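>>> predicted coordinates and the sequence they were generated for:
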Amino acid sequence: MIARRVLGAGLSAALLLMLAACGERQSLNSAQPDVLNFSILATENSTSLDTLWRPVLADMEEEIGIPVKPFYGSNYTALIEALRFGQTDVGWFSNLSGLEAVRRADAEIFARTFDPSGEDGYRSVLIATASSGLTLEDVLKCDRTLDFGIGDAKSTSGTLAPMTYLFGPRAIEPERCFKQVRTANHQANLFAVANGVLDVATNNSTAIRLQGERDVINRANGQPTVTDKINVIWESPKLPEDPIVWRKNLDPAVKEKVRQFFLTYGKGEGPEAERQRALLAAISIGGFLPADASHLLPVREMEATEALITARNSRDPARIAQAQAALDVVTAEREALDARAGEAPIISAPMAPVPTP
C-alpha cells in the first residue's frame with residue numbers, strides 16, 4: 001500500500017453516507033430518468049472542466065431530450081461510488097477507474113474516446129522541475145531527498161502505469177524512495193512541479209499537450225507558462241484511450257439515445273460537425289468509438305503484471321504462482337482477442353520485465 005498525503009479535498013465521510021442513504025439503484029424496469037447525471041473524471045479543477053464540457057453536455061441534452069447535469073468528483077472513488085449508488089448514470093472514466101466501476105458499480109463500457117491527433121493511445125510520464133536538472137537516474141537513486149507527486153489510486157497514467165512499468169520492476173516503493181509522497185490530479189501535479197513545490201511527479205502526455213496549447217496563448221499574451229518549467233524524464237508504453245460507461249440498469253431507451261449521441265457526435269462533414277469536433281478537441285478528444293469490456297484487457301494485464309511484480313518481490317512461492325496464473329489467464333484472453341481483431345487489435349502495451357527472486 002502506497003502511503004499518500006492527499007492534496008485538496010478527498011471524498012468525505014459525509015459524501016459516502018449521503019450516497020449510501022440514497023437507497024436502492026433503479027431496477028431494469030425503472031421509468032426514464034428526469035435528469036441524466038454525467039460524471040467527469042477529475043483531471044483538473046472542476047471550474048476548468050465545466051467550461052470545456054458544458055457545451056458538449058448541452059448538445060447531449062438537446063439530442064436525447066433529457067436534461068443533462070454534470071457531476072465532478074473530487075477523486076475517482078467519488079465517481080465510482082456515485083455510479084454505484086445511482087447518483088450518476090453515465091460517465092467519462094480513466095481505464096483503471098472504469099475497470100473498478102465495472103467490478104463494483106455494475107457498470108458497462110459502451111464507448112471509448114480517440115485522440116484528435118489520430119494517434120490512438122497516450123502515455124504516462126514522469127516530469128521534473130526543469131531548473132533542477134533532475135534525470136530519471138537521480139529519481140531512481142531513492143535517497144529520500146525528493147518530494148514526489150503521484151496520481152489518484154484509480155488513475156491509470158497517474159499510478160498504475162508508473163508502478164507497473166517503472167517502480168515495480170525495480171522493487172521500488174515510493175513511500176520508501178522519496179522524502180514525501182503527495183497525491184493529486186494531473187493538473188495539480190503539473191503546476192506543483194512547474195512551481196518547484198514538488199521535485200518530480202507522474203502525469204500523462206494528454207494533460208501536458210493540453211497545457212502546452214494553453215501556454216502558446218499565454219506566451220503570446222505575456223502571461224506565465226507552465227510547460228517551459230518542466231522536463232519529461234520518463235514515458236510509459238502506449239496506454240488505451242478512456243472508456244465511457246453507464247450503469248447497467250439505466251433505462252434501455254435512454255441507453256440507445258446516449259449511445260447514438262456518442263457514436264455520431266463530431267462525425268460527418270459541414271459546419272455543425274466541425275463545431276462539435278472543435279468542442280471535443282478542447283478536451284483533447286477526437287470523438288468516440290464503440291467499445292465493450294474487452295477495451296479493459298490491456299489494463300487488466302497491467303494490473304496483473306503489477307501484482308506479479310509485488311509477489312516476486314515478496315519471494316513467497318505460493319503467492320508468486322498464484323499471481324503468475326492470474327496473469328497468464330488475462331494475457332491469453334488478450335492475445336485471443338488480438339488474433340480475432342486481425343488488422344485492428346486493441347492496444348496491448350508490452351509488459352515490463354518482471355524481476356525474479
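Received, thanks.
>>> what residue ranges in the stretch 151-300 of the chain score low on pLDDT?
Applying pLDDT under 70 to the stretch 151-300 of the chain flags no residue at all.
>>> run the last query once more with 90
Applying pLDDT under 90 to the stretch 151-300 of the chain picks out residues 152-154, 171, 210, 213, 224, 282-284.
>>> nearest residue to Lys257 in space, please, no chain neighbours.
Nearest in space to Lys257, with sequence neighbours left out and distances taken as Cβ to Cβ, 6 or more residues apart in numbering, is Ile64 at 4.1 Å. Using the backbone N, CA and C atoms, a C-beta is placed for each residue, glycine as well.
>>> cool, Gly118 as well?
Per Cβ to Cβ, 6+ apart, closest to Gly118 is Gly286, 7.2 Å.
>>> next one: the one you found from Leu166, what distance?
28 Å (Cβ to Cβ, to the nearest Å).
>>> same question, Ser205
Separation of Ser205 from Leu166 (Cβ to Cβ): 15 Å.
>>> what of Lys141?
Noted for Lys141: a distance of 14 Å to Leu166, by Cβ to Cβ.
>>> same question, Gly222
Distance from Gly222 to Leu166, by Cβ to Cβ: 37 Å.
>>> the two: which has the busier surroundings?
Set side by side, Gly222 and Leu166 show more neighbours around Leu166, with 20 against 6, by other Cβ atoms under 10 Å.
>>> show me where the stretch 101-250 of the chain has strands.
In the stretch 101-250 of the chain, the strands defined using DSSP state E, counting those that start in this stretch lie at 107-114, 122-129, 147-150, 180-183, 200-204, 230-239, 243-247.
>>> gap between the second one and the chain center?
Translated: strand 122-129. From the chain centre to the centre of strand 122-129 is a distance of 14 Å (Cα atoms, centre = their mean, to the nearest Å).
>>> need the CA coordinates for it. CSV is fine.
These are the backbone C-alpha positions of strand 122-129, laid out as CSV (Å, rounded to 0.1, in the frame of the first residue of the first chain):
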residue,chain,number,x,y,z
TYR,A,122,-1.5,8.1,-24.8
ARG,A,123,1.4,7.7,-22.3
SER,A,124,2.1,8.0,-18.6
VAL,A,125,5.0,10.3,-18.0
LEU,A,126,7.3,11.4,-15.1
ILE,A,127,8.0,15.1,-15.0
ALA,A,128,10.7,17.0,-13.1
THR,A,129,11.3,20.7,-12.5
